[in-house]
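*Asks:* predicted model and sequence below, questions to follow.
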Amino acid sequence: MVKVKKEDNAPKGVETVDTALTRTEKFIEQNQKLLTTIALVILGVAAAYMALRRFVLQPREAEAQREMYVAQDYFAQDSFRLALEGDGNHLGFLDIIDNYSFTKSARLSKYYAGLSYLHMGDFDEAIRYLKKFKTKSKMIRSMAYGALGDAYSEKEEYEDAVQYYTKAAGVSPNQLTTPVYLMKTAQIYEMQGKNKDALAIYERIKKEFPQSNESNTIDKYIARVKAKMEQ
């Protein structure tokens, strides 16, 4: 007599899922205290951060901004020493960096400090502070790279200057600043006798940035470098 096997109509995998759920429930039951503790710790950390931000960081940021406003005013007046070191009543960029770390004002003060040193002719300090400066703003980052290029150019370290001018031109291409940095790069190349490289950049300015101030006189530079190449 042939035995008929009973068919199991349960979908495949259901038993495995049920088993997994049972194990998960058992784990939760066995570790309920631990899981509760972890959840409370996470909530505590979040609450502490919110309190830190509201009662410490935000007031410090506001205070730093008030100090920075005065330093920026001195910077706009070309009073770079006062902008850096303060006037006795208000802090300069250097003290804002030291006293208000982790604030936006302290980060931006590194940029202003670098520019101030650049204007004062202290190119090493300019480089030091500009390299410390970090920002998400593409335009400001581009200008910081350009300032680094200027500092290295003043030190006659032209390879580094070209590197940063190239970065400055590439971060956020626009009709205002990009051709300025391209022009500086081309002029260094021309000075070094790299006339082919200089010509390529001059022609790029003419083609890609026709609305820029540099484009108004670019034909003169193109003609000059072509004449050098024919000699």
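*Replies:* Alright, I've got the coordinates. As the structure is a computational prediction, the values presented were derived from the model and not from experiment.
*Asks:* pLDDT of stretch 184-204, averaged?
*Replies:* Mean per-residue pLDDT for stretch 184-204: 97.
*Asks:* give the buried residues for it.
*Replies:* 184-190, 195, 197-199, 201-202, 204 (16 or more other CB atoms under 10 Å). For the C-beta atoms, the positions are set from N, CA and C on the backbone; glycine is no exception.
*Asks:* which outside residues touch it?
*Replies:* 146, 149-150, 153, 158, 161-162, 165-166, 169, 182-183, 205, 218, 221-222, 225-226, 228-229 (CB atoms under 8 Å, 6 or more residues apart in numbering).
*Asks:* quick one on the thing from earlier: columns distance to K134 and secondary structure on top of the buried residues of stretch 184-204, output as CSV?
*Replies:* Shown next, in CSV, are these (distance: CB to CB, whole Å; DSSP: H, G, I helix; E, B strand; the rest coil):
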residue, distance to K134, secondary structure
K184, 23, helix
T185, 24, helix
A186, 29, helix
Q187, 29, helix
I188, 26, helix
Y189, 29, helix
E190, 33, helix
N195, 37, helix
D197, 30, helix
A198, 32, helix
L199, 35, helix
I201, 28, helix
Y202, 33, helix
R204, 29, helix
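*Asks:* tally of neighbours for F133?
*Replies:* 20 (other CB atoms under 10 Å).
*Asks:* cool, and the one 10 residues further on?
*Replies:* Using other CB under 10 Å as the criterion, M143 is surrounded by 21 other residues.
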